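In: Predicted coordinates and the sequence they were generated for:
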Amino acid sequence: MEHKLGVYICTGCGIGDAIDIEAVAKIATDDVKAALCKNHECLCSEEGHAFVQADIDGEGLDVVALAACSMREKQAELTWGDTWVERINYREQLAWCHEPNDEDTQWLAEDYIRMLGARLGVTSKPVPHIEEMSDRVLVVGGGITGMNAALFAAKAGKEVVIVEKEDALGGFLKRVHKRFPVLPPYEELEDNDIASTVEAVADHDKITVYLSSTIGKIDGAPGNFDVTVDGAGASEKVGSIVMAAGFTPYDASKLTHLGYGEVKDVVTSVELEDMASEGKLVRPSDEGDLDTVVFIQCAGSRDADHLPYCSTTCCSVSLKQTQYIADANDEAKTYVLYKDMRTPGQWETFYQQVQKQGTIFVKSEIKSVVAGDDGGAVVTIEDVLLGEDVEIECDLVVLAVGQVPACKSEQLLKLGYRQGPELPSMDAKLEVKSDDDEEAEVVDRKDEVTGGFPNSHFICFPYETRRTGIYAAGPVRQPMDIASAVDDAAGAAFKAIKSVALMSEGKSVHPRVGDMSWPDFALQRCTQCKRCTEECPFGALDEDEKGTPKPNPTRCRRCGICMGACPERIVGFADYSVQSINSMIKGIYVAEEWEEKPAVLCLVCENDAYPALDMAGTARMKYSPFVRFVTMRCLGGLNLQWIADAMAKGFDGVLLLGCKAGDDYQCHFIQGSELAQTRLSKVQETLDRLMLESERVAFHEIEIDNFGAVPGIIDDFMEKLEALGPNPFKD
Amino acid sequence: MSDAQNPEPELGEAIAEMGAETLYWCMQCGLCTGGCPWRLTDGDINKEFNARKLQHQGQLGLEGYESDNNLFACTTCGLCVARCPRDVNAIDNIRSIRMMLAEGGTVPQSYRPIVGSLTDNGNPWMETRDKRTAWIKDLDVPTYTEDTEYLLYVCCTSCYDARSQKIARAVATLLNKAGVSWGIIGEEESCCGESIRKIGQEELFTTLAEGNIELFKSKGVKKIITTSPHCLYTFANEYPELGGEFEVQHYTQLLAALIRDGKLKMDKDLDLTVAFHDPCYLGRHCDIYQDPREVLAALPGTRVMEMTRNRESSICCGGGGGRVWMETPPGERFGDLRVNDALAHDASVLVTTCPYCTIMMEASVLGLDKDEEIAVKDVAELLVDALA
């Protein structure tokens, strides 16, 4: 494409002392044909900004390329209205990690200018996709989370629709007798005040509530969801959705080993709430007094046969319930049999309070729960810290049961998405089709950590689901207590509002916030292989009856995984495509063999590996200057042709730095790193065809906080390549 | 199922009512047990005594801890109390369990003559009251009158034990030298009762304490100097509840003030390297760390070494909590740890300022056959050595 390009080299922060600026400028103007190339001692200053602005106004530049600090730095300072800005990292990934005034450093600086030029030759400024949108918010579930999300959104001026399946608002809290202490010194239980929230929602004129209703169908895409409400028989247009369907208590009928269903005086913590609310704290078997009550923690939790995870609240629930027992009978003795007491935050204070009142806590393995001779139950445990068996006769056993996300057992959203009607969770199976296999390879994502919760990135990005514009909040997202659910409600409501605000300007939501590019499909060349529709982590693509993908730009997060999926290479963005990366590879100057200078291409994930490289530079760690970084939105967009081309051009090796895959993943696009490795498993054929050693291509996962390992990875790779000798395809 | 024990929570509650106020606060983390000095020894007590487990048994009202090597192993050094993240007072909890056994008539064999002697003679050393002043010998020791400023309360140990009497004599010499207005009561005094309370003899303690309080009051005592940190602790912390409010100081506190004011001066160069051992009841129990160090710093030509474990983390000599009256097998004695630590710091004198510590550590010096290399002395004794 034709551009009027201005290249600006910042000479601050040590860049000016590390390279020959004039020689770089010559490459920019002579080779890359930039309209101008200038330097400034501090581009991020007001003067620096004005310096560039003057040229944009005076010379009519349409692309400004800044050879300065990392693209992750000074983003606010280094923008000029809607002028297209490109960044070249001359600071963290050049001046700060390579020898100053060295010919190899200089060569790297010049290559980066050539690569920019090559890329600009095949890219254009993205034109945003803009459509008419609704900014109304649908809230699924009218419990404490849903009601608060609705109130937060309404307070921000948005119209809200709540769909609640029961005949009243309030959710699980309707069943709760009293709440945990919420005020210092965190010792007194609070009355359940859910009624005040119900009233606030009912009174709000921006909130429409459908009771005894469920979602019949949700069609469309963010900004334009068409919602059919069954029960109420209504249709609603909304822009975004807060999923707040809550939890169901773990099914105690599976806990017969703890006496449930077999011993009359064994109840769940939920049933005890009912008993307390009704003022019937007596033995279920004979209405006798509760003199001794045993609470069994982790009943069906942190147990591979039941729920593998901790629900975080059950310890505090039992602590609270010891107070019910004490309030009813101050002579009563309570035991809490635990695996580990987990009382985060102020609950620790409450835990201490309950201890001080004389409740006995025993770290236990439960051996049996049987009926007592005279009603009640006998609980036999191994007292782990005593190393002996102990047998406790009691009047009541309370099983502290965990939280199961409501979406695990029923269809709640019924989305009209090609990938399925509900929010995917991390334990969903992922089907990956390889280039030549007829059969799909099924990667089992049985994930004991996430337990069916619809997370998309539980480390850094709460509320995000794998469906754009749909945000999960409250215990449907992860087990939590009331205070956390209310916080969640605020967070998810905010994200729901923000997502429509961004999309209505044609901008991407998280994580490439503000990106105006979107994937273009040259459908006339599509072979209906369905790889893109299956691999898109966000379900952005639907299909027509023939299997041709139907893009939904507002569902898209711009990761480019579809680009890597497509064997026909028909998918691309205006500023990021198979060709754009190919052109950069071609733009790199590969030294001839007699020069004894290696050439290495390094494809870098922008989310983790790129910042890790920046951090290594900031720490002034040194590594080989012969590596050329090409940044990818996600390594899931990997195309093997790049590697083949690089090898044929004489590169000695290709290094791929992706983010961490797996259960404790960091991938911003869920599966990118794994997809990249799946795609890379086919690279051997390419190398065999070229008769090159497989060690010439390597993949490493970089955790963002493990930046210290990056220089070692690069230098080790260089050593291996040196041992292999130069690529015979060099000139 | 036949092996399983049945908890008796009433028993736990009874222990709590006897003073184990923090029994249920324990969350069984085990920091107490991990930090306990018994872990540093290799023997039966190390295997048997576990403060965490003992308290858990107390909570559940389970038995099986009554042996000398378990329930009576605790020296009440307070390291566990200092480390506990939940403010559990293991000393009070263990004392209360001992008390419950004592009320049921169970007293360990070693303690029976001690209890008898205290009941009959007001001292644990099986001596008569009239020998309480035998330590004086030819010293000029004033008798306390209404015109006297300080009562010097000499620990029973330093009244009766031949080795320990030297400490009392040294303190008296220093007080005279500095011109302090002081005196003793003598025969009418009874044991302070600190250690006997720790082995669960609450009633005996009360009798002893009330007797002393009445005596002190009748003599018009306002200010007391103690030779032992144990007497200091109980006078300051336990007597007030029984109506005995006195201004109490350990003698090192008074000496530090006298040295600061220039009223006491040591001129003789001792040319010694000494290691200072913080007694538990002076340090952790009464929070006095600086005064004895200040006093030692005033000794000309004396290098004072800090041992590896010092101040708040000092290790017990093994003599507290009644253990001074119970035999500890060689190889399991805490005193050995202190002597070896002092030797590792090239000290030729292990100096401390508690009669129990002196006894225990001296026994270790002999037991380790190190008496040619190191001596154990009280601060007061060193000071007297340095008087010109």
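Out: Good, I have the coordinates. Numbers count the residues shown, from 1 in each chain, chains lettered A, B, ... in the order given.
In: Going by C-alpha atoms from here, please, whenever you check contacts or count neighbours.
Out: Fine.
In: In contact with the nearest residue in space to residue B:145 that is not next to it in sequence: list those residues for me.
Out: Distance criterion CA to CA, 6 or more residues apart in numbering or on different chains; nearest residue to residue B:145, sequence neighbours excluded, is residue B:219 at 6.8 Å. Residues in contact with residue B:219 (CA atoms under 8 Å, 6 or more residues apart in numbering or on different chains) are B:144-146.
In: host element of residue 351?
Out: Let's take chain A. helix A:347-356 (DSSP states H and E).
In: wait, I meant chain B there
Out: If you go by DSSP H and E, residue B:351 is part of strand B:349-352.
In: Just checking: what are the partner strands of that strand?
Out: Each strand paired with strand B:349-352, and its direction, by DSSP bridges: strand B:272-276 (parallel), strand B:375-378 (parallel).
In: Low-confidence bits of chain B, can you list those?
Out: Low-confidence segments of chain B, defined by pLDDT under 70: B:1-2.
In: Any residues of it in contact with chain A? List them.
Out: Within reach of chain A by CA under 8 Å from any CA of the partner chain, chain B has these residues: B:1, B:3-7, B:9, B:22, B:24-28, B:53, B:56-57, B:59-60.
In: Surely residue B:230 is in contact with residue B:191?
Out: No - the pair residue B:230 / residue B:191 is not scored as a contact, 10.6 Å apart, by CA atoms under 8 Å.
In: more neighbours, the two?
Out: Legend: neighbour count by other CA atoms under 10 Å in any protein chain shown for residue B:230 and residue B:191, higher for residue B:230 (27 against 24).
In: Give me the neighbour count for residue A:724.
Out: Using other CA under 10 Å, the number of residues around residue A:724 comes to 14.
In: try residue A:715
Out: Residue A:715: 16 neighbours (other CA under 10 Å).
In: Residue A:524 too?
Out: Around residue A:524 there are 8 residues (other CA under 10 Å).
In: A strand includes it, no?
Out: No - residue state for residue A:524 (DSSP: H, G, I helix; E, B strand; the rest coil) corresponds to helix; a strand is not indicated.
In: and residue A:716, what does it touch?
Out: Applying CA under 8 Å, 6+ apart, no residues contact residue A:716.
In: Would you map out the domains in chain A?
Out: Per the record, chain A has its domains at A:1-121, A:137-248+A:405-503, A:251-401, A:520-572, A:577-731, by automatic domain parsing.
In: Now those in JSON lines, please, with extra columns for mean pLDDT and distance to residue B:279.
Out: Listed next are the domains of chain A as JSON lines, based on pLDDT from 0 to 100; distance: least, CA to CA, whole Å:
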{"stretch": "domain A:1-121", "mean pLDDT": "96", "distance to residue B:279": "57"}
{"stretch": "domain A:137-248+A:405-503", "mean pLDDT": "89", "distance to residue B:279": "37"}
{"stretch": "domain A:251-401", "mean pLDDT": "96", "distance to residue B:279": "32"}
{"stretch": "domain A:520-572", "mean pLDDT": "95", "distance to residue B:279": "67"}
{"stretch": "domain A:577-731", "mean pLDDT": "92", "distance to residue B:279": "48"}
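In: With residue B:333 as the reference, name the closest of the ones you listed.
Out: When the domains of chain A are compared by CA to CA, domain A:251-401 sits nearest residue B:333, at 26.7 Å.
In: Quick one: the helices in the stretch 251-400 of chain A, in order.
Out: A:269-277, A:314-328, A:347-356 (DSSP state H, counting those that start in this stretch).
In: interface residues of chain A facing chain B?
Out: Taking CA under 8 Å from any CA as the measure of proximity, chain A contacts chain B at A:333, A:352, A:355-361, A:380, A:385-386, A:388-392.
In: Please repeat the previous calculation with a cut-off of 7 Å.
Out: Neighbours of chain B within chain A, by CA under 7 Å from any CA of the partner chain: A:352, A:355-356, A:358, A:360, A:385-386, A:389-392.
In: Turn those into JSON lines, columns for neighbour count.
Out: Shown next, in JSON lines, are the residues of chain A next to chain B (neighbours: other CA atoms under 10 Å in any protein chain shown):
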{"residue": "A:352", "neighbour count": "19"}
{"residue": "A:355", "neighbour count": "19"}
{"residue": "A:356", "neighbour count": "16"}
{"residue": "A:358", "neighbour count": "20"}
{"residue": "A:360", "neighbour count": "23"}
{"residue": "A:385", "neighbour count": "16"}
{"residue": "A:386", "neighbour count": "16"}
{"residue": "A:389", "neighbour count": "21"}
{"residue": "A:390", "neighbour count": "25"}
{"residue": "A:391", "neighbour count": "22"}
{"residue": "A:392", "neighbour count": "21"}
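In: Strands - which of those land there?
Out: A:360, A:389-392 (DSSP state E).
In: of all the residues you listed, which two lie farthest apart?
Out: Pairwise across these, and taking CA to CA, the largest span is found between A:360 and A:389, at 15.7 Å.
In: Residue of the stretch 451-600 of chain A nearest chain B, please.
Out: Closest contact between the stretch 451-600 of chain A and chain B, by CA to the nearest CA, is at residue A:481 (23.2 Å).
In: which one is that residue nearest to, not counting chain neighbours?
Out: Spatially, and ignoring its direct neighbours in sequence, residue A:481 is nearest to residue A:313 (6.0 Å; CA to CA, 6+ apart).
In: where does that neighbour fall, phi/psi-wise?
Out: Main-chain dihedrals, residue A:313, degrees, to the nearest 10: phi -110, psi -20.
In: number of nearby residues for it?
Out: By other CA under 10 Å, the residues close to residue A:313 number 20.
In: surely it meets residue A:483?
Out: No - the pair residue A:313 and residue A:483 fails to qualify as a contact (CA atoms under 7 Å) at a distance of 11.2 Å.
In: one step back: which one of the helices of the stretch 251-400 of chain A has the most crowded surroundings?
Out: Mean neighbour count (mean count of other CA atoms under 10 Å in any protein chain shown) peaks for helix A:314-328 among the helices of the stretch 251-400 of chain A, with a mean of 21.
In: so that helix versus helix A:347-356, what angle?
Out: 40 degrees (axes from the mean of the first three to the mean of the last three CA atoms, to 10 degrees).
In: so how far is helix A:314-328 off the chain centroid?
Out: Centre-to-centre, helix A:314-328 and its host chain are 36 Å apart (CA atoms, centre = their mean, to the nearest Å).
In: Check which helices and strands that helix is in contact with.
Out: strand A:292-299, helix A:347-356, strand A:396-401 (3 or more CA pairs under 7 Å, 6 or more residues apart in numbering or on different chains; DSSP states H and E).
In: what's next to that helix, contact-wise?
Out: Outside of helix A:314-328, the residues within contact range by CA atoms under 7 Å, 6 or more residues apart in numbering or on different chains are A:180, A:276, A:295, A:297, A:332, A:334, A:341-343, A:347, A:351, A:354, A:400-402.
In: Helix, strand, or coil at the closest residue to chain A within the stretch 151-300 of chain B?
Out: Residue of the stretch 151-300 of chain B nearest chain A, by CA to the nearest CA: residue B:200 (22.8 Å). Classification of residue B:200 using three-state DSSP returns coil.
In: how about it, what does it touch?
Out: B:95-96, B:98-99, B:102.
In: Excluding chain neighbours, what is closest to it?
Out: Using CA to CA, 6+ apart and skipping residues adjacent in sequence, the residue nearest residue B:200 is residue B:99, 3.8 Å away.
In: do the same with residue A:114
Out: residue A:587 is the one closest to residue A:114 (CA to CA, 6+ apart), at 5.5 Å.
In: Isn't the one you found up against residue A:116?
Out: No - between residue A:587 and residue A:116 there is no contact under CA under 7 Å: 8.2 Å.
In: With that, I have no additional questions.
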